[in-house]
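1. Could you work out the structure for the sequence below:
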Amino acid sequence: MTATKPIWRGMLRIAATFTAAVITVIALTVAAWAGALDQPKASGLVGEGLNGYAAVVSPAAPDAVKQLVADLNAQRRNYYQSIAKKNGTTLQAVEAVFGQKLIGKAAAGTFVQDTSGNWVRK
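-> Here you go, the predicted structure:
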């Protein structure tokens with residue numbers, strides 16, 4: 001029994017290192033996505049949804065902003081799918097995790113989606 005303890009400790013260290021790496025990647029990815037939308041969010045044109053995707057929340061949003069949101073959401077979807085596949089989980093589960101992270105990191109005064117589906121200022 002004592003010979004297996006070092007193996008389990010090593011496995012736990014590997015798992016902890018992997019988890020820390022995944023969290024770091026998520027944090028960096030969220031930061032990069034947020035930067036692309038800083039101005040439209042600050043202007044009240046775009047918000048972060050519970051589903052992990054940005055949304056145009058103002059009918060006054062110009063076509064360029066709508067296209068930026070569509071492009072960014074396509075990148076997010078591809079990334080979420082790769083995370084889901086690597087972790088053996090569903091796309092919806094990954095979207096929900098990122099949705100919470102992105103809303104949590106949203107700046108005060110920007111639009112976020114509440115649990116009722118309404119767009120509110122954070």
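
2. my guess is A61 meets V46, correct?
-> Yes: using C-beta atoms under 8 Å, A61 is in contact with V46, at 7.1 Å. (C-beta placed from N, C-alpha, C; glycine too.)

3. the more surrounded of the two?
-> Taking other C-beta atoms under 10 Å, A61 and V46 do not tie; V46 has more neighbours (24 against 17).

4. hang on, the earlier thing: now do the shared contacts for A61 and V46.
-> Common contacts of A61 and V46 (C-beta atoms under 8 Å, 6 or more residues apart in numbering): P40.

5. ok, now which ones touch A60?
-> Counted by C-beta under 8 Å, 6+ apart, A60 has contacts L45.

6. how would you label it: helix, strand or coil?
-> coil (DSSP: H, G, I helix; E, B strand; the rest coil).

7. Next: Y79.
-> Quick answer, by three-state DSSP: Y79 is helix.

8. Near A64, how many residues? Count them for me, please.
-> Neighbours of A64 using other C-beta under 10 Å come to 9.

9. Buried residues of the helix or strand hosting it, list them for me.
-> Here A64, judged by DSSP states H and E, is contained in helix 63-87. The neighbour-count criterion (16 or more other C-beta atoms under 10 Å) identifies V65, L68, V69, L72, N73, R76, Y79, Y80, I83, A84 as the buried residues of helix 63-87.

10. Nearest spatial neighbour of the residue positioned nearest the centre of the chain, chain-adjacent residues omitted?
-> Nearest to the mean C-alpha position of the chain, by C-alpha atoms, centre = their mean, lies F98 at 2.9 Å. Spatially, and ignoring its direct neighbours in sequence, F98 is nearest to G52 (3.8 Å; C-beta to C-beta, 6 or more residues apart in numbering).

11. Pull the contacting residues for that neighbour.
-> Applying C-beta under 8 Å, 6+ apart, the residues near G52 are R76, Y80, V94, E95, A96, V97, F98, G99, L102.
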